[in-house]
Every structure is written in C-alpha cells, then in structure tokens.
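In: All I have is the shape, not the residue letters:
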C-alpha cells in the first residue's frame, strides 16, 4: 500500500513527527528520533543552537538536513510579532528554509494557543513566503480560517502541551478533519501509544509529539512504540472499523435511543 | 528485545490471538490470520469442521497444526457439562491436543460468561488433564479463583463479545493483571487498533479478537493494524509512560485533589 | 407524581439509601442522614453497637427504627458462613428484623464482592426467611441468579467501595436493570452528585452511598446535594432524555457509523 | 445557605437559565420554564416576536419582564455586524433593555462559535453600552480576552448546540473557571440531568439549556429534573467531594503513577 503524507508537495512515509527537547543529551535525542522513524523533526528556535552560538554543540550535527526535514518552531512566543521575528531568524540561520511550525501561546502556565495572535502571525508569515504548519486549538472554525489563510498543515492540540492526557475532544478533531483540504496533524497531548492510535483512527494525517517519548522511562522503546501506534491507527482508519454495538446481535447496532 | 508470551510452557513471539469465524470464506480467513501474525488461533468446535464431517472443507487444511497452535473453544456452550463434553470431543478429533479455551456463556443475547458454570467446568477440565485458557468476566476475585483452580491463562472480556466497545473497565483489568501469575489475555470487546493498544498498556499479556478483524471493511488491512497495535501497546507498557498532568508544569502532577 | 421505591412490599419516597460509618461522631451521622432524606439506613453489624455492648452509645438511639428502616449489613465478612452468622445475630439483636444487606467480600484491599460465596450465602439466608438485599458485582448473569434465588433487591457496584470513581461500566448496569424484576440499587462507587444522577438515569431504582457523604469536606451539604441528585436523575430517566446527536441538525442522529 | 448568582449586579436564586425555542406551543413553553425555576430566559430576537409583528402572539405575554430577566440573543447571526444590529433592535423593542447574549456562529451545520467575529462584536457592544453575556468555545485564552473586553458573563459550550453530548472537555472548562472573575455559565451541550450536575461540579456558576428540556419526551418533568440537578451540582461543588481513589484504602489516593 502506497500511503504517504504529503506536506507542501513533499511525500513522507512516516506520519509521526517528533520534537527534540527534554532529552537527557544529544545522544538520547538522536537515538530516540532514529527509533521513531520520523522524517520531520521540529526544533525550538529560541532554545536550540542552530548555529547562533558557533562555539556550542549544534543540534544540526545530529539531525542533518540531508536526512531530516527540519521544522523550526516558535515555542516560547506569546505574540504574533515575536513569532514572525523568530521565523525570519530561522530562515536566515537555515539558508532560506521556509517550512516552519507556528505556535503563539496564550500563557506560560497552560501553553494553550493564543488564537487571535496565531491568525495574525499566520497571515503575515504566508505573505512573507513561509510554508506554515500551525499549532492551534481544536476549534473547527479557527482551523478553517487558518487553512483559508494559506497554512499548509493544521495542527490542533489533543490536550495541553506536556499533559499526556490524550485526545480530550475527538468530536472537534473529527470536524476539523472532515473540513480540511490540507493535512491535519495532532500536536500536543499524546501521552502513550493508544493516544496516537486514537488520533489516527479519527482520520488525522499525522501526530507530532515530544514529551511522551522524551519523558517515558525508556524513551527509545517508547519511540518504537509510537512509530507502530501511528501506523496501526492509520491502517485501522483505512481498514474501516466494525460498527459499535451494545450486543453482538447484528440486529441491534448502537443508535440514538441508547442512554449511554 | 526478547519479550515472549509464554503459555503452558511454550513461547510465542506474537501477543495477538485470533478467531476464525465470521469471514467471507476460507481464503479470507487464511489471509487475515496470516496478516495478523498470530501464532495461536481459536476455533469453535461446535461450528467448525475439524474432521467431524469428512466430506466438507476442513479448517485445518488452511490452519495446519504444524504452523499454528490450535485453540479449540467451547463457544455455544451454556453449561459446564456441554463445555466439558465439547473439550473432550476436540481432544479426540485433534489427537490428544489438550490446550483449550473454555467459555460458558450466560445467555444468547449478551454472550456474557456464566461464572458459576465456568468455575465448575474449569475444575473438571483441569482434573481431566486439559490446559485451560478461560474466558471470564472482569471480576478480579473470580479471575484469582480460576487461576487457583489451575487455569493456564485468564481471559477477561473488555466488553461484550462482538460489541466493539473496547475496554470498558480498565480498573478491573488492572486489578486482574496485578494479581495474576499466569498470562492475562483480553478476550472480547476490542473494536479497533487503539482498543488493543489500551489493553496491552494496562499490562495485559495478550489480546484475542475475531469480529474486529473479520467485520472491518478491509479485514486484511485491519489484521495488520492489530498486529502493530498490540506490539505498540506492549512496548509502551514496557517503556513506562510519562505521568499525566493537568499542565505541562512539572510541579503539578495530577493527584487526588483534581475534580475530573 | 407518585413514584415510590418498593422494597419487600414497603414503599419509600426516597431513593437514596445511606450508610452510617466514617463520620466524625454520632451528631454528624445524625445530621447528615437527616439532610439526605434517606428512609433506609444501613449499618455494619460487626462494627456497630446495636445493643451488643449495653454500656456504650447505641446507634439506634439516633436512628430509631420507628423512623428509619434499618438495614443491617455484613461488612467485614469474607465467606458465606460468617455472613449468615452475622445476619442471624442482627435478627436477634433487632427483635426478628429480617431485612438485611448481604455483602461477602473477596479481599481486604479491594472489597470487591466474592460472588461464589455471595450466592451460597444468599441461598441460605433466603431459606432462613431473610429478606435479602445483596451487594454484587456488575455481572448481569450473577445478578439474575441472585434474583432467581429470591433476593429482594440487587445492589451492583458502580466502582470499588470507597473509591469515588463513579459508574465505570454503565452498559453492564443497564443490562442488569433491563432484566431485573426486583429493584436495582447501585451500591458503592458514587463519589459526587453527578455519579448518583448517572446511576438513576440508567434506570436504577436507587443508590446507596456512605463515603461520598461522610468524606466530603462538608458532609451535611453533600447529603443535601445527593438527595437532589438522586431525584434529578430519577426524573430525567422518567422524562426521557433527548437523543444524542453529533450536530444539532435533526437529520444526523448518532448511529453505528460514527467512529467515536 | 445564601448562595446567589450575581450577573451585572443583580442576584438570582436559580443558576439554571433556559431558552424558549423548540417547544410545541406557548403553553408548553410557559409550563416548562415555570417548572425549571429559571429567572433568566433567553430568546432569539430573529425568530421571536417581541413586538415586531403586532398582529401575532407575543412571547412576552407569557414571559413578562416583571417576572423574568429577559436575555435577547443573536442566534442566527454569522458575523459581528449582524449580531450588533440584532442587539440594537432588541434594545429598541425592549425599551432600552441592555442585557444581551451574544452569539456569532461559524456555520449552519455545527453552530460552533466564530471566535474572531465574536471578539469584534463583543468589543463593539460593550462600547455601545450593552451588558454582554457571551457564547464562546471552551478556549480558556479567548474566555479571558472576552472578559478583558468587559463581558459580564462567559458562556462556553460543553458540546455543540443541540447535540446533547454533555461536557466533552472538563479540563478546559475548569481552566476557564479558575481564571474568571465574572460568572461562567455553560451554554450548549447539556443533554440530561447529570450533564448539568457535572458542569456545576466543575465550579461553573450556572448552566443554560434549551433542547435538553424542549426535546425530552416529557419536557415539564425534565425541567424539574434540571432544576434539581443544577442545585445538586452546585451544592456538591461547595461541599467539596471526596478524593478519588483506586481502592478504599486511605493509603492509596490516585496519583500520577496510575496508568488509567
């Protein structure tokens, strides 16, 4: 089965995208990312040395752009202006690389996206020629607005960044998926393998995660688990699951009369 | 990583066990089972030709005992006596094969296990020299009683047979797993890939399913999905998931004060 | 609306049954029970002075049998023999009172019912002339067996005693309710008001609780909340809730095709 | 206990707000609203005769402003301009009445709020002197922005209007409640009594509903159930629920190590 994820015209075999933070060291980062099979790797421009500090270890040494699609992100930005500036910096450091993950956060405690500022930044970045993958809430109307602005991927949260609570509102995610023409990638909230599978079974095109791997007790093994979970969920979605029933009897499929 | 499932002294690489019913034809049965990677295959003695009817197609032609561990089951039995008799018949048809899956059902509508009769049959079968894998409810006390009687695997339901509702009571399953010295295999209720992953993440040793594969729109693809989901869930369990938190902040792990 | 709960031929206006343990003192016990509006009050024969110790305070002084239907229970019994003996003692202490709540527990850690011993004790108690309300798991087949033995009320758990986790498996409870001719009263697991409402909305005839009231920060206020929650859930059940829909549009009721 | 809901300086004894649509006739509308005990009643200016059509029945005849606080709403508006115009019309028809419920919807299928337009309309209405209660998503950052603009109550959805799916994301609602200085009233999604109790147990200040009452099989009885459920949930919140535990044992409260 040929089933690739296409973002901004490029095809990927893996539907698992991963972050680079929170690992013990560069070795563990590299090993976990390798084990995950991810082809797209996101990095926080404000926290990562991409060449700004020539004397320090450079993350790109272990994640060569020849091997990975780099996805610089604007983590730590709380308004549109900072986010745009961060993307411009990344493009400069990465020789014109224009694929970015936009995130504009609402506050430091929840890291929930600030939608108003996100919309402003997305518009600005698109007009500046960036290919914008955008972190957002699970608001289906905002998702459509971001797509209408020209974003190349919509990245709704499953639950708060770093919470590991999984997909709290599958209904909203499904609305976003049903309306979208660009890839929908769940970003934030996945805590374990089944969460990733659930996201894919809803019809999402991919999953991005960081903490669930980096803060597992055995990150490399969890990275392998996540790779399989994303594939399992994708195949289950394509395979078309059996209907849910209250009983085995084929005459009683679940319907609106049920109280549960 | 060497991580095998050991049942009655025999090691298996796959933790996915599958049924043989509800497929369109023998070809689809064979293809789906192959795609699932299952090494243990269960068959309903009362509904399957294992040689009782020499003129009809024999399921063993496509599931040779040289390749698969056969697990004859007592589906369709509603009391201990019928179940014991069915196991004796299976042992005769299969040249002394003594590994069986006991199920004694409570009624035809729900197919919920009849625990009282199951306990009686389990005792009798063990004394007759059978190796009994036993379908049961998610009652942790009954699970322990069945293990004390000498059953070689405990097979609690996730939800009703054929319902596809997944794992309705993860707390009970976890209690069973924590107390058991023999393998615990979720039997019944799995509807899609994430359900299988959830079962494994709870620490179960395996998952048995039939309808979720056979009644998917594309059974072969779903069989592949399930194989990966079981592996993903197992690895995630071994990897030790990140803690759940309400916020990303490391100072606020979820605890008893939370209302949700 | 005349809508009474009838147990063993006697009609009750309140569908909330309460325990008497875990309070700070007799005064709080009395105040909370009064606030709950309960007419049936259960007491652990093995832990409560019902007259066995003439020199100590007697719970019956604050819960006079003229005002409450007393429901002596067998909490702390782990086999049928002890449970039967405890009921005989209660009958003696209470001048022939024959309404009892049978509970035979599986172990001290989970307090999950031991179904095998419960069935034995129920049979014995019925033959001894007791009116048996019986604590049990949410196993619908066992529930029917207990009813067939002559129990006057079936009391399945929502979740473990003292856990406050609410109704973990509403499907099983609904099966029990649909099959029962005697009252079904959820016993154990309720943690807050909405849990009690959920139990009633499933069609249960009543709810019994203790810890949820006694271990609330303000027990008297919680008792009032529970009284209203049970009434609200009962009325909602009788009123017939609106169907669940994915959208407001009347043309799209939820059905088996939905993935969530 | 004196525990009133204060909106725009006025105290209410009831925390249940109700709509006026979807009933069979004016008589049923009146009876249900009376049974609900609601003191604040919302009406869709675009669909209701508030005097625009002098020859037709006027809803205000059965809902006299002397008895109820009227809450004209902008249902059916899909942009800020229409919403503002609708409020201006309502103020004219209702002799200067300036308390309004703002809702700007995203599309006709989901009726999900359009946050961008809602923010614009809220700002405009506040500057025009309106007291704005505002329907919104469960986005905690947007909720704060709306409060910062001067709205007098925040009204997040529990789930889609008319869906009856209950509170899908209690975490987000709790974030909104924790941050808000003005009342938070769940608007949309409640399907049955326990849903209303859940909303209140999260700490919300009130619940607004329409379909759950109007489309119950017996609307008057459901209105009574909802009145009690809202009170029960409020009291349970104030009473402080018991902690959730996996077991009854006081030494094992639920914490971050648990997998479920």
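Out: Yes, it's here. Please read all numbers here as calculations on a predicted model, not as lab measurements.

In: going forward, measure contacts between C-alpha atoms and count neighbours the same way
Out: OK.

In: Could I get the full set of strands for the stretch 151-260 of chain A?
Out: Along the stretch 151-260 of chain A, the segments classed as strands by DSSP state E, counting those that start in this stretch run A:153-156, A:185-187, A:206-209.

In: wait, which of the ones you listed is closest to residue A:219?
Out: Closest approach to residue A:219 among those (Cα to Cα): strand A:206-209, 12.2 Å.

In: elements contacting that closest one?
Out: On a contact count with 3 or more Cα pairs under 8 Å, 6 or more residues apart in numbering or on different chains; DSSP states H and E, strand A:206-209 meets strand A:16-19, strand A:185-187, helix A:193-201.

In: Adjacent strands (with direction) for that strand?
Out: strand A:16-19 (parallel), strand A:185-187 (parallel) (DSSP bridges).

In: For the shortest one, which outside residues touch it?
Out: When contacts are defined by Cα atoms under 8 Å, 6 or more residues apart in numbering or on different chains, strand A:185-187 is touched by residues A:135, A:153-158, A:199, A:204-209.

In: Quick check: pLDDT value at the residue of the stretch 51-200 of chain A found nearest chain C.
Out: Scanning the stretch 51-200 of chain A for proximity to chain C using Cα to the nearest Cα identifies residue A:170 as nearest, at 6.9 Å. Per-residue confidence for residue A:170 comes out at a pLDDT of 95.

In: now do the same end-to-end measure for stretch A:37-50.
Out: 22 Å (Cα to Cα, to the nearest Å).

In: so how far is that stretch off the chain centroid?
Out: Relative to its chain's centre, stretch A:37-50 lies at 12 Å (Cα atoms, centre = their mean, to the nearest Å).

In: for that stretch, what is the average pLDDT?
Out: Mean pLDDT, stretch A:37-50: 91.

In: Does that stretch reach chain B?
Out: No - Stretch A:37-50 does not reach chain B (Cα under 8 Å from any Cα of the partner chain); its nearest approach is 13.8 Å.

In: What residues of that stretch count as buried?
Out: Neighbour-count burial for stretch A:37-50, counted by 16 or more other Cα atoms under 10 Å in any protein chain shown, picks out A:37-46, A:48-50.

In: quick one: which two of those are the most distant?
Out: Top of the distance list for the buried residues of stretch A:37-50 (Cα to Cα): A:37 and A:46, 25.3 Å.

In: Just want the angle from the longest helix belonging to chain A to helix B:193-201.
Out: Criterion DSSP state H: the longest helix present in chain A is helix A:219-239. Relative orientation of helix A:219-239 and helix B:193-201, computed by axes from the mean of the first three to the mean of the last three Cα atoms, to 10 degrees: 150 degrees.

In: Show the secondary-structure elements that helix A:219-239 is packed against.
Out: Using 3+ Cα pairs under 8 Å, 6+ apart, helix A:219-239 is in contact with strand A:16-19, helix A:26-36, helix A:193-201, helix A:211-214, helix B:193-201, helix B:219-239.

In: Could you single out the most deeply buried of the strands paired with strand A:206-209?
Out: Compared across those, strand A:185-187 shows the largest average neighbour count, a mean of 28 (mean count of other Cα atoms under 10 Å in any protein chain shown).

In: What strand or helix carries residue A:14?
Out: Residue A:14 is part of no helix or strand when elements are defined by DSSP states H and E.

In: pretty sure it contacts residue A:4?
Out: Yes - between residue A:14 and residue A:4 there is a contact under Cα atoms under 8 Å: 7.5 Å.

In: The helix or strand of chain A with the lowest mean pLDDT: what's the following helix or strand?
Out: Across the helices and strands of chain A, mean pLDDT, DSSP states H and E gives its lowest value to helix A:59-62, namely a mean of 88. Following helix A:59-62 in sequence order, the next helix or strand is strand A:69-73 (DSSP H and E).

In: Which of residue A:14 and residue A:4 has more residues huddled nearby?
Out: residue A:14 (19 against 13; other Cα atoms under 10 Å in any protein chain shown).

In: Distance-wise, check the more buried one relative to residue A:206.
Out: Taking Cα to Cα as the measure, residue A:14 falls 8 Å from residue A:206.

In: Now do the shared contacts for these two.
Out: Common neighbours of residue A:14 and residue A:206 (Cα under 8 Å, 6+ apart) are residue A:5.

In: Can you list the buried residues in the least confident helix or strand of chain A?
Out: A:59, A:60.

In: Tell me which other helices or strands that helix touches.
Out: Using 3+ Cα pairs under 8 Å, 6+ apart, helix A:59-62 is in contact with helix A:26-36.

In: For the helix it packs on, name the packing helices and strands.
Out: Partner elements for helix A:26-36 (3+ Cα pairs under 8 Å, 6+ apart): strand A:16-19, helix A:59-62, helix A:219-239.

In: Not including adjacent chain positions, what is the nearest residue to residue A:8?
Out: Spatial nearest neighbour of residue A:8, excluding adjacent residues (Cα to Cα, 6 or more residues apart in numbering or on different chains): residue A:152 at 6.1 Å.

In: how far is the least confident helix or strand of chain A from where the chain is centred?
Out: Averaged C-alpha coordinates place helix A:59-62 at 21 Å from its chain's average position (Cα atoms, centre = their mean).
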